[in-house]
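>>> one predicted model, sequence on top.
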Amino acid sequence: MARSEKQNMIRTRGLKRTFKARGRAREKDVEAVKGVDLDVFQGEIVGFLGPNGAGKSTTLKMLCTLLEPSGGTATIVGTDLSKNPDEVKRHIGYISQSGSTSSAARAGDELIWHGELHGLSRTEARKKGKSLLKALDLEGVWEQTCGTLSGGQRRRLDIVMGLIHEPELVFMDEPTTGLDPQARTNLWGHIGRLRDELGTTVFLTTHYMDEADALCDRVFIIDHGEIVGEGSPKELKKAVSGDTIRLTMRNGADTRAAMELGSSLGTATPVQVGNVVTIQVPEGASALPEIISALNKKNIEAIGIEMAQPTLNDVFLSLTGRSLRD
């Protein structure tokens with residue numbers, strides 16, 4: 001089914017959120033989100049990326065009914081967010097970054113309680129909970145207390161809780177933060193199965209570029225409260241033409257010299273993060289010797305040199321001028 005024929009699960013137009021100053025003379029209102037347009041379609045896994053303070057968390061909270069918009073419109077699973085937030089809640093699941101289980105409670109009890117909060121009977125909650133535990137390879141944890149589970153198991157239990165009422169759309173806030181690489185990769189497979197086997201639409205925030213690249217059908221990048229990039233990871237990387245050269249310099253003076261050199265040789269404005277300078281060039285194999293020669297003429301030696309094809313992180317740097325973790 002073509003995307004245009006699928007249900008629009010999230011549609012926002014001019015979505016805004018302004019935080020009012022608290023009355024001090026010198027304080028100004030803060031426009032955290034300045035007019036965001038989003039379209040997320042049924043069966044997609046969509047990544048929402050942005051540096052700290054970009055408006056990412058504020059947007060997510062508005063879409064989840066946790067924060068009232070200051071302006072614009074939003075329709076979530078066909079329901080007007082402003083007019084009927086309670087109906088929106090019936091159609092969505094939310095998995096918070098901090099988790100939602102009590103260490104002392106049994107996993108099965110947590111699922112039953114969560115199901116009852118969504119209007120399920122104990123019998124329904126038990127049946128759906130055990131089915132979801134099986135789907136996410138958590139059979140056998142029903143009787144265990146949550147505190148005895150591994151980090152990966154506990155994150156998967158959080159996902160089961162978010163799915164207990166069978167929502168069509170699930171919001172995940174940093175789902176793999178704090179997990180070791182093996183547990184992260186394992187969880188990626190389970191998130192992919194939510195879409196492929198259950199038809200669930202997933203909207204997630206992440207600080208891991210490899211995660212967005214591996215999981216997401218499309219990515220939105222937000223900075224300073226506005227969407228600055230959108231597309232599939234492949235499309236976004238293709239937009240950053242040529243190759244990427246990264247120079248790690250010894251000190252600030254050498255870094256400034258490398259920035260000047262990058263401005264004269266690169267296809268876009270070079271990006272500096274600490275003492276690392278990222279330069280986009282049409283062809284790395286021919287540009288690299290020229291860069292090294294130019295640095296040598298100034299008696300400057302880079303302590304680290306990398307050359308690669310563009311990654312999502314390069315896309316992010318080119319659009320925001322910042323690292324995702326900045």
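Good, I have the coordinates.
>>> okay, CA-based contacts and neighbour counts for the rest of this
Will do.
>>> how about residues contacting the lowest-mean-pLDDT helix or strand in the chain?
Scoring the helices and strands of the chain by mean pLDDT, DSSP states H and E places helix 312-320 at the bottom, with a mean of 84. Helix 312-320 has contacts (Cα atoms under 8 Å, 6 or more residues apart in numbering) with 209-210, 213, 221, 223, 228-229, 233, 236-237, 240, 244, 269, 271, 322-324.
>>> please apply the same query to stretch 229-245.
Residues from elsewhere that reach stretch 229-245, judged by Cα under 8 Å, 6+ apart: 212-213, 216-222, 278-284, 288, 305-312, 314-315, 318-319.
>>> return the subset of those lying in strands.
Secondary structure from DSSP state E places 218-222, 278-281, 305-308 of these in strands.
>>> quick check: G178 vs L149, distance?
Using Cα to Cα, to the nearest Å, G178 is found at 14 Å from L149.
>>> from S82, how far off is the residue nearest the centre of the chain?
By Cα atoms, centre = their mean, the chain has its centre lying nearest to T205, at 2.4 Å. Counting by Cα to Cα, the gap from T205 to S82 is 23 Å.
>>> and V141, how many neighbours?
By other Cα atoms under 10 Å, 19 other residues sit near V141.
>>> any idea how the protein splits into domains?
Listed by automatic domain parsing, the domain ranges of the chain are 3-236, 241-309.
>>> in a markdown table, list those along with mean pLDDT.
Below are the domains of the chain laid out as a markdown table (pLDDT from 0 to 100):
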| stretch | mean pLDDT |
| --- | --- |
| domain 3-236 | 91 |
| domain 241-309 | 90 |
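>>> just to revisit the earlier point, now, of the contacts of stretch 229-245, which are buried?
Among these, those classed as buried by neighbour count (16 or more other Cα atoms under 10 Å) are 212-213, 216-222, 278-281, 284, 288, 307, 309-312, 314-315, 318.
>>> give the contact list for V77.
Counted by Cα under 8 Å, 6+ apart, V77 has contacts Q7, N8, M9, I10, V88, H91, E168, L169.
>>> ok, now P310?
Neighbours of P310 in contact, by Cα under 8 Å, 6+ apart: K237, K238, V240, S241, G242, D243, T244.
>>> at 7 Å instead, please
K237, V240, D243, T244 (Cα atoms under 7 Å, 6 or more residues apart in numbering).
>>> and it, what pLDDT?
Per-residue pLDDT puts P310 at 82.
>>> ok, back up a step: kindly export the least confident helix or strand of the chain (C-alpha atoms) in PDB.
Included here for helix 312-320 are C-alpha records, laid out as PDB according to Å, rounded to 0.1, in the frame of the first residue of the first chain:
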ATOM      1  CA  LEU A 312      23.600  10.300   9.600                       C
ATOM      2  CA  ASN A 313      25.800  12.100  12.100                       C
ATOM      3  CA  ASP A 314      27.300  14.100   9.200                       C
ATOM      4  CA  VAL A 315      23.800  15.000   8.100                       C
ATOM      5  CA  PHE A 316      23.000  16.100  11.600                       C
ATOM      6  CA  LEU A 317      26.200  18.200  11.800                       C
ATOM      7  CA  SER A 318      25.600  19.800   8.400                       C
ATOM      8  CA  LEU A 319      22.000  20.800   9.400                       C
ATOM      9  CA  THR A 320      22.600  21.900  13.000                       C
END
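>>> now the angle from it to strand 218-223?
40 degrees (axes from the mean of the first three to the mean of the last three Cα atoms, to 10 degrees).
>>> next one: T255 from S264, what distance?
15 Å.
>>> please apply the same query to V240.
Taking Cα to Cα, one finds V240 at 18 Å from S264.
>>> more neighbours: which of those two?
Between V240 and S264, V240 has the larger neighbour count (other Cα under 10 Å), namely 23 against 12.
>>> got the contact list for the residue nearest to V30 when sequence neighbours are not counted?
Nearest residue to V30 in three dimensions, chain neighbours excluded: F19, at 5.1 Å (Cα to Cα, 6 or more residues apart in numbering). F19 makes contact with D29, V30, E31, according to Cα under 7 Å, 6+ apart.
>>> please consider this matter closed, and thank you.
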